[in-house]
Structure formats: structure tokens, C-alpha cells
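Colleague: show me how the following folds:
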Amino acid sequence: MATILQIETATQVCSAAIAHDGKTIALKELMANNIHAGSLTLFIKEAMDSTGLQFEDLDAVAVSMGPGSYTGLRIGVSTAKGLCFALDKPLIAIPTLQMMAQGFMLQNPDYDGLICAMIDARRMEVFTSVYDNNLRTVTPVVAKIIDDQSFAEDLNDNVITFIGNGAAKCVGVLKQENAKFSELNFNSASYMSKLAHDAYACSRFEDVAYFEPFYLKDFVLTTPKKK
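Modeller: Prediction:
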């Protein structure tokens, strides 16, 4: 059995959870713009305090590794690495899109279609990956520009539910009958619990010194048009 601190900061959601033996026992989160830097450590402390645990009682720290917001991922990963260094605990990295698909399946255990997890990457682009209902990867993670032909082949043969803050770009664009949409939020550290527990059981740990978020695309600095 393992007690794991879990951190999710890949989108607007700032989320910290404590899980024991693969089950979430504490959660503190909020969806708002630009709160991660000021709120994450507070949320971690509040989640820890609600369990009565001390940081030394943790067996590992798990973090949502991306893709997602550059700033959010940097904050989440640097906080996780700092805790691992200070506490001498292993670091677990959870793919963000897989975590979202896991959250959808926890909410819809009888679902038998495909799950397309999407994170907004601005304009009509998304970071996305497709999973089956056993969380096996059907389509690897890509940056994709959405148009009316996106996912057309898969939608011919499968029901696909599009989830995440990037899925809104598909509403009104993907008009196939097999395209379904969920407006619920699945970017939560609570949906990391089983994935983190399985990784811990297999000793699937990251090198704390060298681990970096999975940004998928290089950061591009743009110059404002108005000064």
C-alpha cells in the first residue's frame, strides 16, 4: 500500500490530492486563471492537513506531466520535484490526457466507446489523444488542428466522446452522429489515484534531477502588437 501526493496543474485547474492504496482520500482544487503559483502549495498543505498525515508519511509524489499550459506544467513539476528532493521520495509522472480519460471512465464505468481527451492549445488547435474504455492508447498524443474531417475515419466505426477544455472547439465542427461531447471537468488530481498507484507498484519512477514536463510543442514567445 502507498500514500501518494498528487498534483495537477496542466490547465486552469489547480488541484492537489492525497491517495492511499489507489483511492483518493483528500482533494483541494479550484478552476481559475493564474492561481497556480500562489495557490498550489496552500492546496497541498490543506489536503495534507485534512488527512492528519505528515509529509514524511508520503511514499511518493505524482504529477500531471502534460501536455498542457507551459506555465502551469512548470509550476506543478517544479513543486513536485522540490518535494521529492526535500523528502527523498520518488517522483511519478502521469500523462495528463490519460488521467482525463481515466476520470471519464470513473464517471461512466459502463461506457464502451472511445474517449478523445483534448486540451486547448489556442485557435483551432488542441493537444489530444484517443483511448479505448480500458485506457489503451488508440491514437498517440498529437497537436492537432480541428476541422470538419478530423477523426472522420474513427467516427465512421466508433462512438467517440470528446472531453476536456479543447472539446468545445469540436462542437458544431464534428457533426457525425457518433461524436459525443462532455462538458464535465476531468482535469483533477483525484483522477490520478489508480494510475499513480499502478506506477508505484511497478516502481515506474522518474529521475528527479532530469525530469521535465511533456510540453509537446516548443514555447513560442510572441511580441504584442500594441505597446
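
Colleague: show me where the chain has helices.
Modeller: 36-51, 70-87, 96-107, 152-157, 193-201 (DSSP state H).

Colleague: how far away is the most centrally placed residue in the chain from I119?
Modeller: Computing the C-alpha centroid of the chain and ranking residues by Cα atoms, centre = their mean puts T96 first, at 2.8 Å. Going from T96 to I119 by Cβ to Cβ, to the nearest Å gives 7 Å. All C-beta spots, glycine's among them, are computed from the backbone N, C-alpha and C.

Colleague: can you list residues touching both of the two?
Modeller: With contacts defined as Cβ atoms under 8 Å, 6 or more residues apart in numbering, the residues adjacent to both T96 and I119 are 10, 67-68.

Colleague: among these, who's most crowded?
Modeller: Tallying neighbours with other Cβ atoms under 10 Å puts A10 at the head of the shared contacts of T96 and I119, with 31 neighbours.

Colleague: wait, it touches L73, no?
Modeller: Yes. If you go by Cβ atoms under 8 Å, A10 and L73 touch, sitting 5.8 Å apart.

Colleague: touching both of the two, which residues are there?
Modeller: 64, 66-67.

Colleague: how far is the lowest-mean-pLDDT helix or strand in the chain from where the chain is centred?
Modeller: Ranking every helix and strand in the chain by mean pLDDT, DSSP states H and E puts helix 152-157 at the bottom, with a mean of 93. Put simply, helix 152-157 sits 26 Å off its chain's centre (Cα atoms, centre = their mean, to the nearest Å).

Colleague: do the same with stretch 25-44
Modeller: Mean C-alpha position of stretch 25-44 versus that of the full chain (Cα atoms, centre = their mean) differs by 14 Å.

Colleague: list the buried residues of it.
Modeller: Neighbour counts using 16 or more other Cβ atoms under 10 Å place 25-29, 35-36, 39-40, 43-44 of stretch 25-44 among the buried residues.
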